[in-house]
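1. the following comprises the amino acid sequence and a computationally predicted model.
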Amino acid sequence: MDDRICKGDSISSKKLVEIYLKTVLNKKRPLNFEIYEKWDNIIQTKFKQHLKIKEIKDDVLILIADHPAWLQKANMSKKNILSKIKKEIPTTNIKSIHIICR
């Protein structure tokens, strides 16, 4: 099947959306997209309401803590959080965690 659109034949909007989703969105999906999907499974219950993902830059996961006390507690748990990330997402390239306070 040829997915090119520029053949001169008409194409249904459904087919156009399928092609778009298959080619464009799959290529633009961030490498560590799964971490956003699995965050609730990764993060410990005590941190769920206090730590949020800000962004991923290269191989660094940047988290935001909502209070300095939670920042300190999370800093002490970085190794555990990173270990859970690697367990849940073996293909991740995240190597470190940086936590900032809001």
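-> Sure, I can see it. Residues are numbered from 1 along each chain as shown.

2. buried set for stretch 94-102?
-> By 16 or more other C-beta atoms under 10 Å, the buried positions in stretch 94-102 come out as 94, 97, 99. All C-beta spots, glycine's among them, are computed from the backbone N, C-alpha and C.

3. which members of those are positioned in strands?
-> Members of the buried residues of stretch 94-102 lying in strands (criterion: DSSP state E): 97, 99.

4. with distance to residue 64 and pLDDT as new columns, can the buried residues of stretch 94-102 be given to me in a markdown table?
-> What follows is the buried residues of stretch 94-102, written out as a markdown table (distance: C-beta to C-beta, whole Å; pLDDT from 0 to 100):
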| residue | distance to residue 64 | pLDDT |
| --- | --- | --- |
| 94 | 16 | 92 |
| 97 | 12 | 96 |
| 99 | 8 | 96 |
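
5. any regions of the chain where pLDDT drops low?
-> Counting by pLDDT under 70, the ranges of the chain that qualify are 1-9, 21-31.
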